[in-house]
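Enquirer: could you work out the structure for the sequence below:
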Amino acid sequence: MARTAFDADALATALAVLPPARGLALASATPDVEAMILEADGTRYETPGWAACQVAAPIPSGFQVQVEYNLPKVAVANYRKPYVIVWVTDADKNPVKTLLILGTKRDYQEDNYVWWRRFGRKNPGLLDSVGRPTRAPGKYSVGWDGTDEAGKPVAQGSYLIHIEASREHGGHTYQSIPVQLGAKPVGAALPAADELGAVKVSYGKTK
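Expert: Next comes the predicted model:
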């Protein structure tokens, strides 16, 4: 990596024929240059600033995540429709985007305490922008186009899809599914658990 394509091309030629140690020394001694040498056996040599110059690739165009979830009918006399949250974090559980909120009042969502304590109470505007009425038992889906709350594309990598449900006069269920966003389609599923039926996550090119 250099300021101009001409400089980068000339240095790439030199580094390809020099021993790795001498090549890295040349790159390090040249202003505004970083380099990585990859040998045939997979050994990598990098200048100190190479990693900081790398930009993670976005997910491929047309790819998205689809979350399919099932709300079971619970056989009780005072049944109430559940409050449901679906959101995305990175692998370290830092928030990326809230995809779905069923139940538009703050009092409802405090019962979904995993999402509420970590993210919801800090972002009260999400209830207005993402909140929707609760739904009857059945199968539903929500998509994620690979952008964050600000609408910027996320990088390829490991993410977690979280889904949480609670019900007045009922219970509480929280589940998370890891998904790897890359160049290949992937899928994962979780069995039914209390307030949630089976959950399926698929990633790939939209039809």
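Enquirer: what's the helix or strand of the chain with the lowest mean pLDDT in contact with?
Expert: Every helix and strand of the chain was ranked by mean pLDDT, DSSP states H and E. The lowest is helix 50-53, at a mean of 76. For helix 50-53, contacts defined as Cβ atoms under 8 Å, 6 or more residues apart in numbering pick out M1, E34, A35, M36. Any C-beta I mention is one placed from the backbone N, CA and C, and that applies to glycine too.
Enquirer: mind checking how far the nearest residue to E149 once chain neighbours are set aside is from D7?
Expert: Distance criterion Cβ to Cβ, 6 or more residues apart in numbering; nearest residue to E149, sequence neighbours excluded, is K97 at 5.2 Å. Going from K97 to D7 by Cβ to Cβ, to the nearest Å gives 40 Å.
Enquirer: more crowded one of these two?
Expert: Just comparing K97 and D7: by other Cβ atoms under 10 Å the higher neighbour count belongs to K97, 20 against 15.
Enquirer: quick one: what helix or strand has that one in it?
Expert: K97 belongs to strand 95-102 when elements are defined using DSSP states H and E.
Enquirer: returning to what we had before: what pairs with the next helix or strand after the least confident helix or strand of the chain, parallel or antiparallel?
Expert: Using DSSP H and E, the helix or strand that follows helix 50-53 in sequence is strand 63-71. Paired strands of strand 63-71, with direction, are strand 138-144 (antiparallel), strand 199-205 (antiparallel) (DSSP bridges).
Enquirer: first-to-last residue distance for stretch 30-40?
Expert: Start-to-end span of stretch 30-40 (Cα to Cα, to the nearest Å) is 25 Å.
Enquirer: do the same with stretch 68-85
Expert: End-to-end distance for stretch 68-85, by Cα to Cα: 13 Å.
Enquirer: just stretch 48-66 next, same as before
Expert: Start-to-end, stretch 48-66 (Cα to Cα) is 40 Å.
Enquirer: from K205, how far off is Q64?
Expert: Here Q64 is placed at a distance of 8 Å from K205 (Cβ to Cβ).
Enquirer: the helices in this protein, which residues?
Expert: 5-17, 20-29, 50-53, 106-109, 113-118, 125-130 (DSSP state H).
Enquirer: quick check, the residue nearest to E149 in contact with V88.
Expert: Yes: the pair K97 / V88 is scored as a contact, 4.9 Å apart, by Cβ atoms under 8 Å.
Enquirer: now do the shared contacts for those two.
Expert: Counting by Cβ under 8 Å, 6+ apart, the residues touching both K97 and V88 are W144.
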